[in-house]
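1. Here is a sequence with its predicted model. Questions after.
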2 protein chains.
Amino acid sequence: MTQHVDFWFEFGSTYSYPAALRIEALAASRQVAVRWRPFLLGPIFGDQGWNDSPFNIYAAKGRYMWRDLERICAAQGLPFRRPSQFPRNGLLAARVACRHAEKPWLPDFVRAVYRANFEEDVDIASAQVVSRCLAASAEDPASLIEEAQSPEAKALLRQQTEEATRLGIFGAPTFVVSRELFWGNDRLEDALSWAVA
Amino acid sequence: MTQHVDFWFEFGSTYSYPAALRIEALAASRQVAVRWRPFLLGPIFGDQGWNDSPFNIYAAKGRYMWRDLERICAAQGLPFRRPSQFPRNGLLAARVACRHAEKPWLPDFVRAVYRANFEEDVDIASAQVVSRCLAASAEDPASLIEEAQSPEAKALLRQQTEEATRLGIFGAPTFVVSRELFWGNDRLEDALSWAVA
């Protein structure tokens, strides 16, 4: 595959859940390779003056999002349980994913973390949960988690979040195809069409 | 047609432009009737603490929106010129549209106002422009404009905006099908599918 799409996602982000679960198969069917780009929304929201998810700050928008996500997951045949805590802290999982973005086990790990958050309603901030999400596909989860807390791993995710800001990303999921941004799960098809155009 | 979709739109709203231009034909092709529901975003944004469009307040979001709108209009074969003033004040046009929502000339008038704003880049706040938008389809624009400034016409639009708030609407365009909200031009197809399901 010569075409690719950069998939910018945040583990706490609701609409990133259906996107993360469907992107690999859909992109493959169009001969587009996926580059997995985890980042953190916290610093980007902070720059906009928000210290919480806009879905918590703006009540009508939040109510709409939860109902909309329920409909989208139903249409996609995706189990969904509204997390008892929102947004959850995906920092550790993002550090692991950022450092190992090219590993063959990475897509399985990403999907496992989203399922933990939005299907199983467990706390993805915990090392135990991240370890379980790794266990199904990666070897030696304990080392991966330890290594994710190194200064290098922390710096890597920080740089990636800064790159997101430079690209003009303001929410998740965002798909980027040769500097064209497509924001939102419902724009994945448009991004893939752009990639093969 | 027994099925219908409520189309909530604001004349200053960017994504309402492609929606307004395509909804009638698309809905008719699915045997869905459109109910045209103009409202004002100003009071709703005000309740969220914004005294301007979020596309002006949040720069990255605004930059994305203008590029995205350009792509959408190109894909839809719709002329587009970025308005030299944004957002424009659609109060007078909305008062006219609200009072005459069921008239046969209404859809033509709505499209003419959007074209004035996003294709011709003229000030839709002016009575002269609104009059010209009416002239192509309605009789006696001068009377319609005078009447739109009556206390009754003002109250009607105020009530409709309050209804939007009660329904949980927080942005435009929003499509409503039996209390299900679909927010954004790119969700029109989903709304129509819901209407015929």
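-> Cool, the structure landed.

2. tell me how far the helix or strand harbouring A:Ala60 is from the chain's mean position?
-> If you go by DSSP states H and E, A:Ala60 is part of helix A:59-76. Distance of helix A:59-76 from the chain centroid (CA atoms, centre = their mean, to the nearest Å) equals 17 Å.

3. Would you mark the buried spots in it?
-> By neighbour count with 16 or more other CB atoms under 10 Å in any protein chain shown, helix A:59-76 contains the buried residues A:Ala60, A:Lys61, A:Gly62, A:Tyr64, A:Met65, A:Asp68, A:Leu69, A:Ile72, A:Cys73. For every residue, glycine as well, the C-beta is placed using N, CA and C.

4. where in chain A is pLDDT low?
-> A:1-2 (pLDDT under 70).

5. What segments of it are helices?
-> A:16-29, A:41-47, A:54-57, A:59-76, A:91-99, A:106-118, A:127-135, A:141-148, A:151-167, A:188-196 (DSSP state H).

6. quick one, the helix holding A:Ala60 and helix B:188-196 angle?
-> Between the axes of helix A:59-76 and helix B:188-196, defined by axes from the mean of the first three to the mean of the last three CA atoms, to 10 degrees, the angle is 70 degrees.

7. Which one of the helices of chain A lies nearest to chain B?
-> Checking the helices of chain A against chain B by CB to the nearest CB gives helix A:59-76 as the closest, at 4.1 Å.

8. what angle do the closest one and helix A:16-29 make?
-> 40 degrees.

9. Mind checking if helix A:59-76 is in reach of chain B?
-> Yes - contact of helix A:59-76 with chain B is found when judged by CB under 8 Å from any CB of the partner chain, involving A:Ala60, A:Lys61, A:Arg63, A:Tyr64, A:Arg67, A:Asp68, A:Arg71.

10. Distance to B:Leu91 added to those, as TSV?
-> Listed next are those as TSV, based on distance: CB to CB, whole Å:
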residue	distance to B:Leu91
A:Ala60	22
A:Lys61	24
A:Arg63	28
A:Tyr64	25
A:Arg67	31
A:Asp68	30
A:Arg71	34
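
11. Next up, the contacts around A:Glu147.
-> A:Arg99, A:Ala153 (CB atoms under 8 Å, 6 or more residues apart in numbering or on different chains).

12. actually A:Ala125, sorry about that
-> Per CB under 8 Å, 6+ apart, neighbours of A:Ala125: A:Arg88, A:Asn89, A:Gly90, A:Leu91, A:Leu92.

13. Report the two of those separated the most.
-> The span of the contacts of A:Ala125, defined through CB to CB, is set by A:Arg88 and A:Leu92 at 10.9 Å.

14. between the two, what contacts are shared?
-> The contact sets of A:Arg88 and A:Leu92 overlap at A:Ile124, A:Ala125 (CB under 8 Å, 6+ apart).

15. Tell me who's in contact with A:Ser53.
-> Counted by CB under 8 Å, 6+ apart, A:Ser53 has contacts A:Gly12, A:Leu41, A:Phe45, A:Gly62, A:Phe86, A:Pro87.

16. What is the most widely separated pair among those residues?
-> Pairwise over the contacts of A:Ser53, using CB to CB, the maximum falls at A:Leu41 and A:Gly62, 15.0 Å.

17. for the residues of helix A:59-76 next to chain B, which one is nearest B:Ala97?
-> A:Ala60 (23.1 Å).

18. any idea how far that closest one is from A:Asp190?
-> 26 Å (CB to CB, to the nearest Å).

19. Make CSV out of the buried residues of helix A:59-76 and add distance to A:Ala28.
-> Conversion of those to CSV gives the following (distance: CB to CB, whole Å):
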residue, distance to A:Ala28
A:Ala60, 37
A:Lys61, 33
A:Gly62, 34
A:Tyr64, 32
A:Met65, 28
A:Asp68, 26
A:Leu69, 24
A:Ile72, 21
A:Cys73, 21
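
20. Which of those sits closest to B:Val176?
-> Checking the buried residues of helix A:59-76 against B:Val176 by CB to CB gives A:Tyr64 as the nearest, at 11.2 Å.

21. Check the spacing between the closest one and B:Ser13 real quick.
-> From A:Tyr64 across to B:Ser13, the span is 16 Å (CB to CB).

22. ditto for A:Arg132
-> 45 Å.

23. What of A:Trp50?
-> In this view, A:Trp50 and B:Ser13 are 22 Å apart by CB to CB.
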